[in-house]
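Novice: Have a look at this prediction, sequence included:
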Amino acid sequence: MDQLELCDLAGVGPAFLYALEKGKPTVRLDKVLAVLHVLGLELHLRVGRESVSADERLGAPRS
């Protein structure tokens, strides 16, 4: 499957997929889940021990 086919199947645009692949810290969760679904992947969350930010500008992890 190429990127344009993935975009079509997931209902997202190429700009969104590019941003997701590049690790943009702010993306829409519904769109991320749609891409994961097409790829046959799941997202699992669990309670962590510390606060972590994907974007260093938002602050360092707290201990």
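Specialist: Looks like it came in fine.

Novice: Please tell me how far G23 sits from R49.
Specialist: Separation of G23 from R49 (Cβ to Cβ, to the nearest Å): 23 Å. Yep, even glycine has a C-beta here, placed from its N, CA and C like the rest.

Novice: any low-confidence regions in this protein?
Specialist: 52-63 (pLDDT under 70).

Novice: Give me the buried positions along the helix or strand where D8 lies.
Specialist: According to DSSP states H and E, D8 maps onto helix 3-10. Within helix 3-10, the residues that qualify as buried are 6-7, 10, counting by 16 or more other Cβ atoms under 10 Å.

Novice: Does anything pack onto it? Which helices or strands?
Specialist: helix 14-21, helix 29-38 (3 or more Cβ pairs under 8 Å, 6 or more residues apart in numbering; DSSP states H and E).

Novice: Determine the angle, from 0 to 180 degrees, between that helix and helix 29-38.
Specialist: Computed with axes from the mean of the first three to the mean of the last three Cα atoms, to 10 degrees, the direction of helix 3-10 lies at 110 degrees from that of helix 29-38.
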